[in-house]
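Colleague: quick one: sequence and predicted model below, then my questions.
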Amino acid sequence: MNSIKLTKSLEDYLEMVLILRKTLGKVRVKDLASALSVKMPSVAKAVNLLKQQKLVNQESYGDIELTTLGETTAKKILSRHLLLKNFLMNIGVTEEVANEEACLMEHILSPETLDCIETFNKKFEK
């Protein structure tokens, strides 16, 4: 299997497709554009790139659906985000700031660092 190559931006799109599907039941281009504060042509381009990597399916002008691989990948991205958000809140950062900064951090931290943060969170919550 080819390894998946996702930019920060494409990870954000994939994560948001998962979140919107959970909240809205279906995901349209305009939903993604609104949620990510981007223009619809930007969403269309990103969706095409995600389709090329077999992460989403979309019929012409239809709903955007995650493939099995896309859902697995999106859940990993969302899990990293929530791990980092919880970590930041555990050390006293407000929820709003923690959410924003977790979004930035989730793309750059190594698996080793994420493992250490997960271990810290578990100790903190006991």
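Modeller: Received the coordinates, thanks.
Colleague: which parts of the protein are helices?
Modeller: Assignment of helices within the chain using DSSP state H yields the ranges 8-24, 29-36, 40-52, 68-90, 95-105, 111-125.
Colleague: residues in contact with the residue nearest to the spatial centre of the chain?
Modeller: Nearest to the mean C-alpha position of the chain, by C-alpha atoms, centre = their mean, lies Glu15 at 2.4 Å. If you count contacts by C-beta atoms under 8 Å, 6 or more residues apart in numbering, Glu15 has them with 74, 77-78, 81. Yep, even glycine has a C-beta here, placed from its N, CA and C like the rest.
Colleague: same thing but 10 Å
Modeller: Contacts were defined as C-beta atoms under 10 Å, 6 or more residues apart in numbering; by that measure Glu15 touches 36, 73-81, 103, 106.
Colleague: and of the helices of the chain, who's closest to Tyr61?
Modeller: Tyr61 sits nearest to helix 29-36 of all these, at 8.0 Å, using C-beta to C-beta.
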